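Visitor: Sequence first, then the predicted structure:
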Amino acid sequence: MATLTKKRKVADAKFDTNKAHTVAEASKVVKEITTTKFDASVDIAIRLGVDPRKANQMVRGTVTLPHGTGKVLRVLAIVTPDKEAEAKAAGADFVGLDEYIEKIKNGWTDVDVIITMPSVMGKVGALGRVLGPRGLMPNPKTGTVTMDIGKAVTDAKGGKIDFKVDKAGIIHTGIGRVSFDAQKLTENALEVLNAIVKLKPSSARGTYVKSVYMSSTMSAGIQIDPKTFN
């Protein structure tokens, strides 16, 4: 533990914690200060000036990262037999209907994304207690309840992510891995940030983007100046 603390001190000394950086600067710094031996994920946390308790100030959306997430996602397509071939051709890891409904009822959730179709949502909706807390419930707003199963699977595999403001008014999402070069991290981060800026609710008053921090697993947070992208 002492070694890690020493490494952390050396890493943190490489940047000014009080300075607000551009997205490009933060992307370089996060690579310099990450000391983990594994390929850590890189995340951004955006504090918004909204009240998530009000329905007209809920900020949520989807975005496809230009360079993907760096994570291999396991996709389950819960579809009728006529859609199975389409799901498999698009790269779904698990495809089926009643057998997977039963597995999930028994506690199986070894997937990252679940895609289904409107006609099957009655069965999938009944799994809310299992899927809801794990963030796995399909939703038409995120494109995971659709008749275009092939596109939904391709999108999920290709780096499509969904984000949602939490009760504290913060959106927290991954934008890649430390092994990505700084340019790719920058482009992924800007894709998310610009999407959030476009989703500003008309009822939101005052400063919309209050603060933005980029960090990797176990690294310090690097402050980003909202004026540099807003």
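Guide: It's in. Residues are numbered from 1 along each chain as shown.
Visitor: Residue 187 touches residue 64, doesn't it?
Guide: No - applying C-beta atoms under 8 Å as the test, residue 187 and residue 64 come out as separate, 11.7 Å apart. To be clear about C-beta, it is placed using only N, CA and C from the backbone, and glycine gets the same treatment.
Visitor: Could you check which of those two has the larger neighbour count?
Guide: More neighbours surround residue 187 than the other of residue 187 and residue 64, with 18 against 14 (other C-beta atoms under 10 Å).
Visitor: Please list all residues in contact with that one.
Guide: When contacts are counted by C-beta atoms under 8 Å, 6 or more residues apart in numbering, residue 187 touches 66-67.
Visitor: let's see 6 Å
Guide: residue 66 (C-beta atoms under 6 Å, 6 or more residues apart in numbering).
Visitor: Need the pLDDT of it.
Guide: Looking at residue 187, its pLDDT is 97.
Visitor: Roughly how far does it sit from residue 82?
Guide: Residue 187 sits 38 Å away from residue 82, going by C-beta to C-beta, to the nearest Å.
Visitor: same question, residue 93
Guide: 20 Å.
Visitor: Between these two, tell me which one has more neighbours.
Guide: Shown here are residue 93 and residue 82; by other C-beta under 10 Å, residue 93 has more neighbours (18 against 7).
Visitor: three-state assignment of residue 207?
Guide: coil (DSSP: H, G, I helix; E, B strand; the rest coil).
Visitor: burial of it, as a residue count?
Guide: 12.
Visitor: you'd agree it is up against residue 49?
Guide: Yes - counting by C-beta atoms under 6 Å, residue 207 does reach residue 49; the two are 4.8 Å apart.
Visitor: doesn't residue 195 make contact with residue 63?
Guide: Yes - Residue 63 is within contact range of residue 195, at 4.5 Å (criterion: C-beta under 6 Å).
Visitor: Show me which of these two is the more surrounded one.
Guide: Legend: neighbour count by other C-beta under 10 Å for residue 63 and residue 195, higher for residue 63 (19 against 16).
Visitor: Could you list the low-confidence segments of the protein?
Guide: 1-14 (pLDDT under 70).
Visitor: biggest helix in it by residues?
Guide: helix 182-198 (DSSP state H).
Visitor: Partner strands of whichever helix or strand comes after that one, with direction?
Guide: Sequence order places strand 209-216 as the next helix or strand after helix 182-198, per DSSP states H and E. Next to strand 209-216 in the sheet, as set by DSSP bridges, lie strand 41-48 (antiparallel), strand 222-224 (antiparallel).
Visitor: and the first one with helix 182-198, angle?
Guide: This points to strand 41-48. 30 degrees (axes from the mean of the first three to the mean of the last three C-alpha atoms, to 10 degrees).
Visitor: Now do the buried residues in strand 41-48.
Guide: 41-48 (16 or more other C-beta atoms under 10 Å).
Visitor: Show residues contacting that strand.
Guide: Against strand 41-48 from outside (C-beta under 6 Å, 6+ apart): 30, 165, 169-172, 174-177, 185, 189, 210-217.
Visitor: and with 7 Å instead?
Guide: By C-beta atoms under 7 Å, 6 or more residues apart in numbering, the residues outside strand 41-48 that reach it are 30, 59, 165, 169-178, 185, 189, 192, 196, 208-217.
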